[in-house]
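Q: I'll drop the sequence and a predicted model, then ask my questions.
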Amino acid sequence: MLFDDAAQGYLEYRSRRLAARTLQIDRERLVPLLKTFAGWPLETIGAQDLADYQRRRLVAGVSPRTVNMETGVLRRILKRAGLWGPLADFAEHLDESPRVARVLTPAEKDHLFTVARSNARWLHVCCAAVIASNATCRKVELRHVRRRDVDFETRVLTITRSKGRTGGRRTIPLNHAALEAFGELFRWGEKQGFSRPEDWVFPGRDRKTHRRVRERPVNSWSSAWRSLTRAAGLAGLRFHDLRHQCITELRERGVPDAVVMGLSGHKSSAMLDRYTHARLEAMREAVERLIPNPRPPAPVTVAPLTEVFEALARFLRENAGASPEVSERATNPPASEVSSK
């Protein structure tokens, strides 16, 4: 059996047992697998092929967690065919150590949005990024926002779908930047015929015609996000990092943890701490506040090496016990000593 046929049978089998979103994740993980193994007979996939696949994906910048998920789909496909046993001992589970979120400097943040606004193709991802960095929203939360969830009069966004322990309904006040982003998306939607209260703010596309549809929200804007961050010189920045960005900036400004938790949906301060990353600039400002009348630090200078030797020679000459040989050596040190210094 070819890998293509086995993959299709796997999806049909899983569709009867899984939620739609979980099945969608399997479909997404299959895309790179099919690019590699399409047309391969299942029995020809060996341990070295698996190892080569993992290596290529890591080199391409894919996270270890994603590679493990892709390997998991491959494992389940081979297992259904009774072919996983010989590979089980050789399949390496990659370390999924949590990746430290990146928090942009003010200059980097401004540059990101300047570049985002320079290309009309990035309209949706630009607006989504503005909202995420001003309202602590996750991608999954923004994807499932309907027009009725945004109240421009009270300046409030109602989140109706989230994930994990922070899942559930919550209300987020919107600042001017987030309101402007939603306004731009609403105007675009009206031009496209999406003006009903139940319409998605980020409508999905038909898989065949690629036209926007009412039936489902957008699956992802990963491609546009990668293009944008590369153009801005910020390759590797995750969309989820913008949530970290917002939470970090709120805490740096002294917003109480209870308020931040209400905005982000976190249930405990311990969970909140995982999403907060104090920046060096903020920590430096904090310690400077300990000084009542801070003065600018005096510049630290390092004397050239020749001046050091001259000072040492003068010191030796001024001391009666200094021998001519010592003075001469201090004034004209051997080249090997200078280079070693």
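A: Arrived safely, thanks for sending. This is a predicted model, so every value here is computed, not measured.

Q: list the contacts of the lengthiest strand in the chain.
A: Determined from DSSP state E, the single longest strand within the chain is strand 212-217. Strand 212-217 has contacts (CB atoms under 8 Å, 6 or more residues apart in numbering) with 143-144, 192, 194, 196, 199-200, 202-206. The C-beta positions use only the backbone N, C-alpha and C, and glycine is treated the same way.

Q: what about the one residue sitting closest to the centre of the chain, which SS state?
A: Per CA atoms, centre = their mean, the C-alpha nearest to the average position across the chain is that of residue 238, at 2.1 Å. What DSSP: H, G, I helix; E, B strand; the rest coil gives for residue 238 is coil.

Q: before we move on, back to that, and the contacts of strand 212-217, which is closest to residue 176?
A: residue 202 (20.9 Å; CB to CB).

Q: and that closest one, what pLDDT?
A: Note on residue 202: pLDDT of 96.

Q: wait, it sits on residue 145?
A: Yes. Judged on CB atoms under 8 Å, residue 202 makes contact with residue 145 at a distance of 7.1 Å.

Q: residues in contact with residue 7?
A: Contacts of residue 7 (CB under 8 Å, 6+ apart): 30, 33-34, 77.

Q: so how far is residue 85 from the residue lying closest to residue 162 once chain neighbours are set aside?
A: Distances taken as CB to CB, 6 or more residues apart in numbering place residue 141 nearest to residue 162, at 5.4 Å, with adjacent residues excluded. Here residue 141 is placed at a distance of 41 Å from residue 85 (CB to CB, to the nearest Å).

Q: what's the answer for residue 225, then?
A: 39 Å.

Q: and if you look at residue 238?
A: Where residue 85 is concerned, residue 238 sits at a distance of 36 Å (CB to CB).

Q: quick one, helices of the stretch 1-150 of the chain?
A: With helices called from DSSP state H, counting those that start in this stretch, the stretch 1-150 of the chain shows them at 3-15, 20-37, 47-59, 64-80, 85-88, 106-116, 123-135, 139-143.

Q: and the longest one, what's buried?
A: Okay, so that is helix 20-37. Under the neighbour-count criterion of 16 or more other CB atoms under 10 Å, helix 20-37 has 26, 28-30, 32-33, 36-37 buried.

Q: angle of it against helix 47-59?
A: Helix 20-37 runs at 110 degrees relative to helix 47-59, counting by axes from the mean of the first three to the mean of the last three CA atoms, to 10 degrees.

Q: got it, and the first one?
A: Orientation note: helix 3-15 sits at an angle of 70 degrees relative to helix 47-59 (the same axes, to 10 degrees).

Q: work out the gap between helix 3-15 and the centre of the chain.
A: 31 Å (CA atoms, centre = their mean, to the nearest Å).

Q: could you export that helix as CSV, CA atoms only?
A: Taking C-alpha atoms only, helix 3-15 is exported to CSV below (Å, rounded to 0.1, in the frame of the first residue of the first chain):
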residue,chain,number,x,y,z
PHE,A,3,1.6,6.1,1.9
ASP,A,4,-0.9,8.3,0.1
ASP,A,5,-3.6,5.7,0.3
ALA,A,6,-2.8,4.8,3.9
ALA,A,7,-3.0,8.4,4.9
GLN,A,8,-6.4,8.8,3.4
GLY,A,9,-7.6,5.7,5.1
TYR,A,10,-6.2,6.9,8.4
LEU,A,11,-8.1,10.2,8.1
GLU,A,12,-11.3,8.4,7.3
TYR,A,13,-10.8,6.1,10.3
ARG,A,14,-10.0,9.0,12.7
SER,A,15,-12.9,11.2,11.4
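
Q: buried sites along that helix?
A: For helix 3-15, by 16+ other CB under 10 Å, it's 3, 6-7, 10-11.

Q: which of those residues sit farthest apart?
A: 3 and 11, at 12.6 Å, using CB to CB across the buried residues of helix 3-15.

Q: from the buried residues of helix 3-15, pick the one nearest residue 55.
A: For the buried residues of helix 3-15, the nearest to residue 55 is residue 3 (19.1 Å; CB to CB).

Q: isn't that closest one right up against residue 34?
A: Yes. Look at residue 3 against residue 34 with CB under 8 Å: they come within range, at 7.4 Å.

Q: coming back round to it: of residue 141 and residue 85, which one has the most company?
A: The neighbour comparison of residue 141 against residue 85 (other CB atoms under 10 Å) goes to residue 141, with 25 against 9.

Q: what pLDDT does that one get?
A: 93.

Q: distance check, it against residue 172.
A: 9 Å.

Q: and for residue 206?
A: Residue 206 is 31 Å from residue 172, by CB to CB.

Q: so for those two, which residue has more residues nearby?
A: residue 172 (21 against 11).

Q: give me every residue that touches that one.
A: By CB under 8 Å, 6+ apart, the residues touching residue 172 are 135-137, 156-159, 263.

Q: again, only this time at 6 Å
A: By CB atoms under 6 Å, 6 or more residues apart in numbering, the contact set of residue 172 is 135, 157, 263.

Q: neighbours around the residue nearest to residue 61 when sequence neighbours are not counted, how many?
A: Spatially, and ignoring its direct neighbours in sequence, residue 61 is nearest to residue 236 (7.0 Å; CB to CB, 6+ apart). A count of nearby residues for residue 236, using other CB under 10 Å, gives 11.
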